[in-house]
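# With the input below, show me the fold.
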Amino acid sequence: MSGNTGMALYSSRLLLLWQLVAHVCVFPGSVQAETCKLASYYSNYMVLQQQPHNAVVWGYSDIMATIEVKVGDKMYKASIETQFPSRVGVWKVKLDPMPAGGPYDIVVFCEDWRAVNTVVLKDVMFGDVWICSGQSNMAFTVDQSFNGSKELNESINYPDIRLLAVKQVLSETPYNDLHGLYEPWSKPSPETLGSKAATFTYFSALCWFFGRDLYDTLQYPIGLISTNWGGTPIEAWSSPDVLKTCGTRNRSVSKTNDRLTGPVKGPSMPSSLWNSMIHPLLNFTIKGAIWYQGESNTMDPDPYKCLFKTMINDWREKWHQGTEGSTDLHFPFGFMQLCTSNSPSSEIIGPFPTLRWHQTYDYGYVPNDVMQNVFMGVGIDLPDVKSPYGPIHPRDKQDMGTRLSLAGRAIAYGQNVSYAGPYPTSFTVNTTTLTLVIEYSGGKANIRLVGKTGFEVCCGGSPPCTYYDTWVPAKITGQPTTSSISLSYYCYNRDATAVRYLWRDMPCAFKDCPVYSVENNLPGPPFILNL
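Residues are numbered from 1 along each chain as shown. Purely as a prediction, here's the structure:
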């Protein structure tokens, strides 16, 4: 072949080159070829975000390469930017909005000065992609949950749910790509979902049950990305921008130093997990995120009020930017309100109540004016004092997943479902009879009483009442109406100025808190409100 002929072939259209010199490679996990490399989380069996969003496919190549991506009958030409040293470029393609379904083959054609390579991704689905992040209660595995073996065996009935588990890696600087996976995209099975398989370290039980319940309703593919690390504070998952906004970087470092009696190291370092386990995912279009974290911040709960809502908004903004607007700027964000710790006691008032309150930006419920498009699962009535993993790690992740997915269906998908327990909307104090009537949900709630204790009244003091003010038990009197209850109290000739509910680390036994909704059997969340 003459030099002129070689140059002509090199500059000809990719279609001819694919026919003559293409090397076809199918990769079961991390995808790479000599002239092509996709980001680490693209593989067979993955779920890409469906319409109305644009899924993003990206990877690395020589800066002079030509990259094209074929999905179905549509061909896309990639743009290439130089973001790394040497001749390495980063290419990216935004796909047209795709309806839910599949499977598809995605073919990536790469031509540079060395060769032409073809990478094929098999069995790719389009659906909704959810991030699942947090600490140990999010990392808690399916086989550790109640009826774990049964849950694992039944997972094969959900082949359109796909799982990706991010390896626990930390970094002092942001990574552009993940530096490891516990498992690439996989179909659920006892082997891929279980934590005891030789090829798999874990998959989040809460993430699985949330996604499974969503699928049962939506009936289209769901992609679940588990990225979590036990025992980590929210500061580790927050970008430097979040820490700067809340003015907590120095404070969090000093508190961590107090706990560790030494320099801040490991996954508690501020932004260390944001850098390595969140930042690399920002180019991947998602539907939303769920979160179970907070236990590691209970030693100093006050900063959480700013940190949590700021982290949510920061993730949203940066995911929107990273996917060039494909991820919703206000994507739905769900969280589990902290469950319990220690043992049931009417005396122990630890830091959990304060942190639960701060999780809602001191509203007691979400969504609210500050935390919009946010949903919550209440777990305060799901203690597990006999958990072999400690009472701070309850095994009933099924109820948590159901409650969180129910709220997600309402907030993220706009379904007309009752997704929250009763919440007070008005109070009537009778200073003569020393009674307090609490009305729930504007008189529209239908409540039932289960447990007997959990209400307290603050006597005297200037609002807001604090831990150091005088709080007395308030007894439930008589039978509730459909939407209100009556409490009796004695304030020693002082006025009642506030009321609080379930203000304990572990205020009740399993599903035995006082107030539940008749309609959905969900518990009323804890609150502390002025009268």
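# Could you list the low-confidence segments of the stretch 151-300 of the chain?
Low-confidence segments of the stretch 151-300 of the chain, defined by pLDDT under 70, span residues 195-201, 249-264.
# give me that answer again for 80
195-202, 248-265 (pLDDT under 80).
# again with the stretch 351-500 of the chain
Counting by pLDDT under 80, the stretch 351-500 of the chain shows low-confidence ranges at 442-445, 461-463, 478-481.
# How is this structure partitioned into domains?
The domain map for the chain lists 3-123, 126-411, 424-530, with the assignment taken from automatic domain parsing.
# Tell me which of the ones you listed sits most buried.
domain 126-411 (a mean of 21; mean count of other CB atoms under 10 Å). In this view, the C-beta of every residue, glycine as well, is placed from N, C-alpha and C.
# For the domains of the chain, give me JSON lines that also has distance to Ser418.
Compiled in JSON lines, the domains of the chain are given as follows (distance: least, CB to CB, whole Å):
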{"stretch": "domain 3-123", "distance to Ser418": "26"}
{"stretch": "domain 126-411", "distance to Ser418": "8"}
{"stretch": "domain 424-530", "distance to Ser418": "5"}
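# Minimum distance to Val417: which of these has it?
domain 126-411 (5.2 Å; CB to CB).
# what's the span of that closest one from first residue to last?
With CA to CA, to the nearest Å as the measure, the ends of domain 126-411 fall 21 Å from one another.
# what about the helices in the stretch 351-500 of the chain?
Taking DSSP state H, counting those that start in this stretch as the criterion, the stretch 351-500 of the chain contains helices spanning 352-359, 397-411.
# For the shortest one, which outside residues touch it?
Residues external to helix 352-359 that are found in contact with it (CB atoms under 8 Å, 6 or more residues apart in numbering): 294, 297-298, 301-302, 304-305, 308, 335, 337-338, 340-341, 364, 376, 380, 502-505, 525-528.
# Restricted to helices, list these.
With helices taken from DSSP state H, the overlap with the contacts of helix 352-359 comprises 304-305, 308.
# Would you list the phi and psi of Leu193?
In terms of degrees, to the nearest 10, the main-chain angles of Leu193 are phi -90, psi -30.
# hang on, the earlier thing: Serialize the ones in helices among the contacts of helix 352-359 to a markdown table and add fields for pLDDT.
Rendered in a markdown table, the data for those read as follows (pLDDT from 0 to 100):
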| residue | pLDDT |
| --- | --- |
| Tyr304 | 98 |
| Lys305 | 97 |
| Phe308 | 99 |
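# And those residues, which is closest to Tyr42?
The shortest approach to Tyr42 among the ones in helices among the contacts of helix 352-359 belongs to Phe308, at 30.9 Å (CB to CB).
# Does the closest one touch Ile234 like I think?
Yes. When contacts are counted by CB atoms under 8 Å, Phe308 is listed as touching Ile234 (6.4 Å).
# so what's the backbone phi/psi at the residue nearest to Lys94 when sequence neighbours are not counted?
Closest residue to Lys94 apart from its sequence neighbours, by CB to CB, 6 or more residues apart in numbering: Asn54 at 4.5 Å. Backbone torsions of Asn54, given as degrees, to the nearest 10, read phi -100, psi 120.
# I figured Asn54 hits Val93, correct?
No. When contacts are counted by CB under 8 Å, Asn54 is not listed as touching Val93 (9.4 Å).
# what residue lies at the spatial centre of this protein?
For the chain, the residue lying nearest the average C-alpha position, counting by CA atoms, centre = their mean, turns out to be Ile290 (1.9 Å).
# State the three-state secondary structure for it.
Classification of Ile290 using DSSP: H, G, I helix; E, B strand; the rest coil returns strand.
# is it in a bridge, and if so with what?
Cys132, Gly334 (DSSP bridges).
# That one and Phe203: what is the separation?
In this structure, Ile290 and Phe203 are 14 Å apart, going by CB to CB, to the nearest Å.
# for Asp213, same thing?
Distance, Asp213 to Phe203, by CB to CB: 16 Å.
# ok, now Val417?
27 Å.
# Check His330 too.
Look at His330 and Phe203: by CB to CB, they are 28 Å apart.
# what's the answer for Asn54, then?
With distances taken as CB to CB, Asn54 is found 28 Å from Phe203.
# and what of Asp177?
The span separating Asp177 from Phe203 equals 21 Å under the rule CB to CB.
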